[in-house]
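1. Sequence and computational prediction follow.
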Amino acid sequence: MGLLSAACLSLAVWLWLTLAQGMFWRTDVRLPPRSAPARWPSVAIVVPARDEAEVLPCSLPSLLAQDYPGEAEVILVDDGSTDGTAALALRLAREYPGLPLSVVSPGDPDPGWTGKLWALRHGIAVARTCHPTEPDYLLLTDADIAHEPDSLRELVGAATSAGLDLVSQMARLRVASFWERLVVPAFVYFFAQLYPFRRVNRPTGRTAAAAGGCVLLRTGAAVRAGVPDSIRQAVIDDVSLARAVQRSGGRIWLGLAERVDSVRPYPALADLWRMVSRSAYAQLRHQPLLLAGTVAGLVLVYLVPPVALFAGLAAGRPGTAWAGGLAWLLMAGTYLPMLRYYRQSALLAPLLPLTALLYLLMTVDSAVQHYRGRGAAWKGRTYARPSDA
């Protein structure tokens, strides 16, 4: 394929993405209209935690301080931590009195389970069996997620007002270091491109996704979907959870958060690299053909436009330069809303091809690590592909 043809094809793809991919680039999908229910349902907040002593002081007090009118409790599941996570959680509960806190441990995962889902399974079981009545809702949130005091109230209000079985918010990730500014907004942008929020939120839609850091799940819907047991092998657990709930007839909703933030730092490129590469190949179902297609797609959509623009200008080929330049302009223009959401400079928008190249390399590295037996590794655990588990 000649460079002109590739540039024209890339431009056509960008026109389609901009106009026909569920308006993925818009960042105005926030919690739906909500009102206070006649009776506030009970909620169990389940927090899986493995070696989270670094971030727990910034996140757990925000859960204990939830201003929720109904009955609520926090269950922290210490998943084999070696850094004193459990003891720290109990100390924080004494220093920041609020919602009651229980700290439990599930032991090592059974074969075929990923660690986070094993911890969630144990936490959900405790929530459902250790009280006279099981909670109406489960808030599944990560140990690095901080919530504003009204977060739980707003989530429950949205779920009850709209009749939703699952409400998930994409927490605002930290953007402080140079590499976080370059990589993090693009992470959410790419996720929305794969799973346009508006399509996820259609009552009759087939697109399913969630953001694992903040998921409010109706307990009855979890039982009907058989989760987490039905997705016990999933490395991409949030998307798998949403699919299971949707397939069982539940209504799901996904949007961007305003008052839910990740406090986990990724100061160096290596930190972000590990975060992405640990699950990128799992997202492709460990299929070499999907990997090849993804690499080719990233090259065509993100790398061809700047190459075509500069090569066309250098070679005196205006058609190639125009096609590449327009595709690059659409790319940068659709990225601007996400940069504004993250309060970042618009000057980062033209750098999206560079960020896409980094993601391409992370995805390839994810596959390489998988075939070396180190794929889907996280905090000392390496997970086999589902068919090998």
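-> Thanks, I have it.
2. what about the strands in the stretch 1-150 of the chain?
-> Using DSSP state E, counting those that start in this stretch, the strands found in the stretch 1-150 of the chain span residues 43-49, 72-78, 101-104, 137-141, 145-147.
3. S230 is nearest to which of those strands?
-> strand 137-141 (15.0 Å; CB to CB). Just so you know, the C-beta spots here come from the backbone N, C-alpha and C atoms, and that holds for glycine as well.
4. Please work out the angle formed by the directions of the closest one and strand 72-78.
-> Between strand 137-141 and strand 72-78, the angle comes out at 40 degrees (axes from the mean of the first three to the mean of the last three CA atoms, to 10 degrees).
5. who touches strand 137-141?
-> Residues from elsewhere that reach strand 137-141 (CB atoms under 8 Å, 6 or more residues apart in numbering): 41-47, 63, 120, 124, 127, 147, 152, 155-156, 159, 212-219, 222.
6. Take those and keep only those in helices.
-> L63, L120, I124, A127, L152, L155, V156, A159, T219, A222 (DSSP state H).
7. out of those residues, who's nearest R343?
-> Using CB to CB, the ones in helices among the contacts of strand 137-141 come closest to R343 at L155, 23.3 Å.
8. Settle this for me: that closest one is touching V167, isn't it.
-> Yes: using CB atoms under 8 Å, L155 makes contact with V167 at a distance of 5.5 Å.
9. Can you pull the residues that touch both of those two?
-> In terms of CB under 8 Å, 6+ apart, L155 and V167 are both contacted by the residues L31, L216.
10. Pretty sure A367 sits in a strand.
-> No: counting by DSSP: H, G, I helix; E, B strand; the rest coil, one finds A367 to be helix, located in no strand.
11. so which helix or strand takes in the nearest residue to it once chain neighbours are set aside?
-> Using CB to CB, 6 or more residues apart in numbering and skipping the chain neighbours, the partner closest in space to A367 is Y281 (4.5 Å). In this structure, Y281 sits in helix 269-283 according to DSSP states H and E.
12. following that helix, which helix or strand comes up?
-> helix 288-298.
13. same for that following helix, what does it pack against?
-> On a contact count with 3 or more CB pairs under 8 Å, 6 or more residues apart in numbering; DSSP states H and E, helix 288-298 meets helix 352-371.
14. And the helix it packs on, what's buried?
-> 352-353, 355-356, 358-360, 362-367, 369-370 (16 or more other CB atoms under 10 Å).
15. Closest one to Q233 out of those, please.
-> For the buried residues of helix 352-371, the nearest to Q233 is H370 (14.7 Å; CB to CB).
16. From G297, how far off is that closest one?
-> 20 Å (CB to CB, to the nearest Å).
17. what about H286, neighbour count?
-> H286: 21 surrounding residues under other CB atoms under 10 Å.
18. Tell me if I'm right that it and H370 touch.
-> Yes: the pair H286 / H370 is scored as a contact, 6.3 Å apart, by CB under 8 Å.
19. hang on, the earlier thing: between the ones in helices among the contacts of strand 137-141, which sits nearest A192?
-> L155 (19.9 Å).
20. How about the closest one: what's its closest non-neighbour residue?
-> L155's closest residue in space is L216 (CB to CB, 6+ apart), at 4.4 Å.
21. Could you point out the longest strand of this protein?
-> For the chain, the longest strand by residue count, based on DSSP state E, is strand 252-262.
22. and the angle from that strand to strand 137-141?
-> Using the same axes, to 10 degrees: strand 252-262 against strand 137-141 is 50 degrees.
23. Show me which positions of strand 252-262 end up buried.
-> Neighbour-count burial for strand 252-262 [16+ other CB under 10 Å]: I252, W253, L254, G255, L256, A257, R259, V260, D261, S262.
24. From the contact counts, what lies against the longest helix anywhere in the chain?
-> As assigned by DSSP H, the longest helix anywhere in the chain is helix 318-341. Helix 318-341 is packed against helix 3-20, helix 178-194, helix 304-315, helix 352-371, with contacts defined by 3+ CB pairs under 8 Å, 6+ apart.
25. Check the gap between the residue in the chain sticking out farthest from the centre and V167 for me.
-> Centroid-distance maximum for the chain: G316 at 43.8 Å, with CA atoms, centre = their mean. Remark: distance between G316 and V167 (CB to CB) = 55 Å.
26. likewise Y68?
-> 15 Å.
27. Compare these two and say which is more crowded by neighbours.
-> The neighbour comparison of Y68 against V167 (other CB under 10 Å) goes to V167, with 29 against 21.
28. The more buried one is in contact with W253, isn't it?
-> Yes: with contacts counted by CB under 8 Å, V167 reaches W253, the gap being 5.0 Å.
29. Next, show the common contact partners of those two.
-> Joint contacts of V167 and W253 (CB under 8 Å, 6+ apart) are A158.
30. Give me the residues contacting stretch 295-308.
-> The contact list for stretch 295-308 (CB under 8 Å, 6+ apart) reads 3-4, 6-7, 9-11, 13-14, 17, 320-321, 323-325, 327-328, 331, 352-353, 356-357, 359-360, 363-364.
31. List the contacts of the residue nearest to L155.
-> V43, Y137, L138, L139, L140, L152, L155, V156, A159, L166, V167, S168.
32. Format these as CSV; extra columns: pLDDT.
-> Below are the contacts of L216 laid out as CSV (pLDDT from 0 to 100):
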residue, pLDDT
V43, 98
Y137, 98
L138, 98
L139, 98
L140, 98
L152, 98
L155, 98
V156, 98
A159, 98
L166, 98
V167, 98
S168, 98
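33. Go through those residues and name the one nearest P203.
-> Nearest to P203 among those, with distances taken as CB to CB, is L166, at 12.8 Å.
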